[in-house]
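**Q** Prediction below, plus the sequence it came from.
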Amino acid sequence: MYVAYRLYVCEGGRVAMSGDETTGGRRSVQAERSLGTRTALLAVARDLFAKRGYAAVGTEEIVREAGVTRGALYHHFEDKLDLFANVYEEVEAQLMERIMQAVAAGASDPLDALRAGALAFLEASETDAAVRQIALVDAPSVLGWDRWREIGMRYALGLVQATIEEAIQAGLLPPQPAAPLAHLLLGAIDEGALLVARSDDGGQTRRQVAASLERMLGSIAG
C-alpha cells in the first residue's frame, strides 16, 4: 500500500467505553445496553434513509423499527438531524475503508492509488444506496453545504494529501505544495461523484466521469 493515512472520526461516531469492561456489574450491563440501543438506531436509520431519503422517514418509524422508545432516541441524539449526521459519519468512515481496500488490492504506486481510490468512490456513488442517497443526495441539503464539506473533507483530505506527497517524493508529480492540489483534486472527485449519484443511465455517466478523472491525473503527472 502506498498511502499513509488516518481516519478522523468525531467523538459522536463512537461510544466511549473506557473502563466499563473492567468494572463489571450494573455499570457494564447498562453500558452494553446503551451501546446496543445506539447501534440499533444507527442501523435502522441508515437503512431507511438509504432506501427512501431523509425527508420521507420519521422518527416514529425509526424507533418502531429499532424496537426502542422515543426517549431512547433523544437520549442518544438531539433530534432527527443529529441522528442523520451520525449516520452520515458512519457512511463516510466505511467508504474510506472501502477505498483503502481498493487501493491495497492493486495500486502499484501513489498515482495508481489516487486512480484506484477515485474509481472506487465513483463506483460506490452509483451502486451503494447509502453513499448515493445519504452522503451525496441528502447530506448537502440536510446538513448544509459547509457542514457536509467539513465532514467529507475530514475523512478524505488527509488521505488524498498524503498520497500526493508520496507521489511527489517518488518523482511521479512535479515538486509543489501538496495541500492546494489535494483540495482541487478532492473537489473534482466530489463533483464527479455528485454527478454520478444523480444519474440513472446504466453507468454511462460514471464511465464518462472516470475517463475525465483519468485524463486529469495524467495531465498533472505531466
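**A** Yep, that arrived.

**Q** Please, which helix or strand holds the residue nearest the centre of the chain?
**A** Nearest to the geometric centre of the chain sits Glu92, at 1.3 Å (CA atoms, centre = their mean). Per DSSP states H and E, Glu92 falls inside helix 80-106.

**Q** on that earlier part again, run a quick neighbour tally on the nearest residue to the residue nearest to the centre of the chain once chain neighbours are set aside.
**A** Of all residues beyond its chain neighbours, the one nearest Glu92 is Tyr155 (4.6 Å), with distances taken as CB to CB, 6 or more residues apart in numbering. In this view, the C-beta of every residue, glycine as well, is placed from N, C-alpha and C. Neighbourhood size, Tyr155 [other CB atoms under 10 Å]: 20.

**Q** got the contact list for stretch 174-189?
**A** 114, 118, 121-122, 153, 156-157, 160-161, 164-165, 168, 173, 213, 216, 220, 222 (CB atoms under 8 Å, 6 or more residues apart in numbering).

**Q** go again using 7 Å as the cut-off
**A** Residues from elsewhere that reach stretch 174-189, judged by CB atoms under 7 Å, 6 or more residues apart in numbering: 118, 121, 153, 156-157, 160-161, 164-165, 168, 213, 216, 222.

**Q** Give me the helix or strand of this protein that scores worst on average pLDDT.
**A** When each helix and strand of the chain is scored by mean pLDDT, DSSP states H and E, helix 20-23 comes last, with a mean of 46.

**Q** Next, count neighbours for the residue nearest to Val196 when sequence neighbours are not counted.
**A** Excluding its sequence neighbours, the residue lying closest to Val196 (CB to CB, 6+ apart) is Ser125, at 4.3 Å. Close neighbours of Ser125, defined as other CB under 10 Å, add up to 27.

**Q** In which helix or strand does Ser125 reside?
**A** Ser125 belongs to helix 110-127 when assigned by DSSP H and E.

**Q** Export only the CA atoms of that helix, formatted as CSV.
**A** C-alpha atoms of helix 110-127 as CSV (Å, rounded to 0.1, in the frame of the first residue of the first chain):
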residue,chain,number,x,y,z
PRO,A,110,0.9,6.6,-5.4
LEU,A,111,-0.6,7.9,-8.6
ASP,A,112,-2.2,4.5,-9.1
ALA,A,113,-3.5,4.7,-5.6
LEU,A,114,-5.2,8.1,-6.4
ARG,A,115,-6.8,6.5,-9.5
ALA,A,116,-8.0,3.4,-7.6
GLY,A,117,-9.4,5.4,-4.8
ALA,A,118,-11.3,7.8,-7.1
LEU,A,119,-12.7,4.9,-9.2
ALA,A,120,-13.8,3.1,-6.0
PHE,A,121,-15.6,6.3,-4.8
LEU,A,122,-17.4,6.7,-8.2
GLU,A,123,-18.5,3.1,-8.2
ALA,A,124,-19.9,3.4,-4.6
SER,A,125,-21.7,6.6,-5.7
GLU,A,126,-23.6,4.6,-8.3
THR,A,127,-24.0,1.2,-6.6
